[in-house]
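Trainee: any chance you could fold what I've pasted below:
(chains A, B and C)
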Amino acid sequence: MWLRNNRGVALASTAALLLLGGISLAFFWVPDDVDQGFSQRIFYIHVPVALTAYACFGWGAWKALRLLWTREVRYDLESYTAVHMGVIFGILTLVTGSIWARISWGVWWSWGERQLVLFLVLFLFYSAYFMLRYSTEPGPRRERMSAVYALFGVVLIPVSFLAIRLAEGFIHPTVFTRDGPQMAGSMFFVFCVCLAGTLTLAGALYANELLGKRVDASLRELEEALA
Amino acid sequence: MTYFGDVAALARKDILLELRSRDTLPAMLLFVVSTLVVFHFALPSDSSDLAAGGLLWVAIVFTALLGLTRAFAAEREQRLLDGLVLAPCDRSAIWLAKGASVMAFLLLAEAVALPAFALFFAPVDATLVAAVLLADIGIAAVGTLLAAMAAASRARELLLPLLFLPLAIPVIVGGVGATVAEEPARYLGFLALYDLLFAILSWASFEYVVTE
Amino acid sequence: MTTAEKYVTAAYLVVLAVVLLYVVIYAFKLARLEREVTRLAKLAAERRASGEVPKVEAAEPLRTAN
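Mentor: Residues are numbered from 1 along each chain as shown, chains lettered A, B, ... in the order given. I've put the predicted structure just below:
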């Protein structure tokens, strides 16, 4: 079957199906949250997008580790693409989280919201990753520097998370908790569908972007050969 | 030569070079005192000592940044880093030596900054000194690695703060927490954890950053 | 629509908008790649016309892309 040879298409159509299904379920099927009412439904996009961003950063770090390990050049583009996708999903997390803060507390930004603050830190960190790449000459040294920086990222995630928790002790005394103690089974099911959807969407974008970056790289090789 | 013999020789070279040229250290000392004076005017007169404690940490991080941008300046100008990398010693010894000299400059700057802070703002206690020492280790460890990266890029001085500040946020949290919180022990523990994690990571990855 | 409903819908639409924005940016990128390919193809054709066979060496591992 042709889908088998076309991973990008397969991923994209699966992602479309899952996301359409998940979003319809989130809007029309799942019951309202007892405490937060309708506004809790933003959870089904915000949290899957955030988890997908983590997955992308983790994937990028794994490829970075492989690069340092095996010194195979292809891992450089793969790690870069994964970080690129992670930043896109990170921005989405920031925007949807900001909207949620507006619904829940009437403000667009709350330093008491750990995940939001963490994503701001990560956004700054990974934006510097792009700066590092753009201002360094292409070559093995840039590949390894980017890889080392991507590895620092996955260590920074838990450390920053801990730091933000600790910082609440002196910055923000009240701790907000969004999800109640227990999620109903139907809510968990919708959440899983949405998470699968965002993960496959990230996979589809990753496959596409990687192809584009590879074509770009080959074109530059070709240009050098012809010049 | 043993590993630590290499480290000592390299660190002594950096410190001797600085003693002869006096490029970095006087700038750091002057910078940290000027920053504290600026902070006095930046703080409204009725703000608490806690706010001043937070600003002390901003001063420390920015002073460290000033020192770090110069950390590989001599090597870059004289194109010495390639020679150093080819020298028959472990590459991580270069990182350790450079980190030690960065730390030495930072300690000297703080030996001026903390008394100045006590004089201008609020008393300095043993917890604060311990937090500063722990933070210095983390700043020097991470900063040296990132300074080597930035030195290889075109943007250089411009790039280092961008790379360094997001990684310095946990240090700030730990330091400010130890300065202002009722129970500083867990913030000191957090700083120690940060030092351990990032020192190991930087030590292991420095080789990849400096070799061509 | 209540306010909550508006905000929730807006959040989902933002995700959609960002994905669409990505597609638009990608379209620009594809257009640029297409121009490059055309230019290089023309270059290769000129080389062949002038009798000089372009020497395309065995593809090196890719390492130039941003």
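
Trainee: what about A:Pro140, how many neighbours?
Mentor: By the measure other C-beta atoms under 10 Å in any protein chain shown, the count of residues near A:Pro140 is 15. Every C-beta, even on glycine, is put in place using the N, C-alpha and C of the backbone.

Trainee: where does the chain have low pLDDT?
Mentor: As the question left the chain open, I've gone with chain A. In the prediction, chain A carries residues with pLDDT under 70 at positions A:1-5, A:33-36, A:169-183.

Trainee: please go with chain C instead
Mentor: Applying pLDDT under 70 to chain C picks out residues C:52-66.

Trainee: in it, which spans are helices?
Mentor: Assignment of helices within chain C using DSSP state H yields the ranges C:3-49.

Trainee: lowest-pLDDT helix or strand in chain B?
Mentor: Within chain B, judged by mean pLDDT, DSSP states H and E, the helix or strand with the poorest mean is helix B:81-86; its value is a mean of 75.

Trainee: any buried residues in the helix or strand hosting B:Val171, and which?
Mentor: Assignment of secondary structure by DSSP states H and E places B:Val171 within helix B:159-180. Residues of helix B:159-180 classed as buried by neighbour count (16 or more other C-beta atoms under 10 Å in any protein chain shown): B:159-180.

Trainee: again, but for stretch B:199-212
Mentor: Of the residues in stretch B:199-212, those scored as buried under the neighbour-count criterion (16+ other C-beta under 10 Å) are B:199, B:201-203, B:205-210.

Trainee: chain neighbours aside, what residue packs nearest to residue 122?
Mentor: Because you didn't say which chain, this covers chain A. With C-beta to C-beta, 6 or more residues apart in numbering or on different chains as the measure, A:Gly90 is the residue that lies nearest to A:Leu122, at 5.9 Å, once sequence neighbours are left out.

Trainee: looking at chain B here, not the other one
Mentor: Once chain neighbours are set aside, the closest to B:Ala122 by C-beta to C-beta, 6+ apart is B:Asp49, at 3.9 Å.

Trainee: count residues in the vicinity of that neighbour, would you?
Mentor: For B:Asp49, the neighbour count with other C-beta under 10 Å is 12.

Trainee: so how far is B:Glu18 from it?
Mentor: When distances are taken as C-beta to C-beta, to the nearest Å, B:Asp49 and B:Glu18 turn out to be 34 Å apart.

Trainee: mind showing which ranges of chain B have poor pLDDT?
Mentor: B:1.

Trainee: tell me the residues of chain A that contact chain B?
Mentor: Residues of chain A lying close to chain B by C-beta under 8 Å from any C-beta of the partner chain are A:68, A:121-122, A:124-125, A:127-128, A:131-132, A:135-137, A:139-141, A:144-145, A:147-149, A:151-152, A:155-156, A:159-160, A:162-164, A:166-167, A:169-170.

Trainee: ok so, going back, if we take the buried residues of stretch B:199-212, which one ends up nearest to A:Leu195?
Mentor: B:Leu201 (29.8 Å; C-beta to C-beta).

Trainee: got the buried residues for stretch B:103-119?
Mentor: For stretch B:103-119, the neighbour count (16+ other C-beta under 10 Å) marks B:103-106, B:109-110, B:112-114, B:116-117 as buried.

Trainee: for those, give me TSV that also has secondary structure.
Mentor: TSV is the format used below for these (DSSP: H, G, I helix; E, B strand; the rest coil):
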residue	secondary structure
B:Met103	helix
B:Ala104	helix
B:Phe105	helix
B:Leu106	helix
B:Ala109	helix
B:Glu110	helix
B:Val112	helix
B:Ala113	helix
B:Leu114	helix
B:Ala116	helix
B:Phe117	helix
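
Trainee: using CSV, lay out these together with distance to chain C.
Mentor: Formatted as CSV, these follow (distance: C-beta to the nearest C-beta, whole Å):
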residue, distance to chain C
B:Met103, 35
B:Ala104, 38
B:Phe105, 36
B:Leu106, 35
B:Ala109, 38
B:Glu110, 40
B:Val112, 44
B:Ala113, 41
B:Leu114, 45
B:Ala116, 46
B:Phe117, 45
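
Trainee: just the closest of the residues you listed to chain A, please.
Mentor: For chain A, the nearest member of those is B:Phe117. The distance, counting by C-beta to the nearest C-beta, is 18.6 Å.

Trainee: residues contacting that closest one?
Mentor: B:Phe117 sits next to B:36, B:52, B:56, B:124 when contact means C-beta atoms under 8 Å, 6 or more residues apart in numbering or on different chains.
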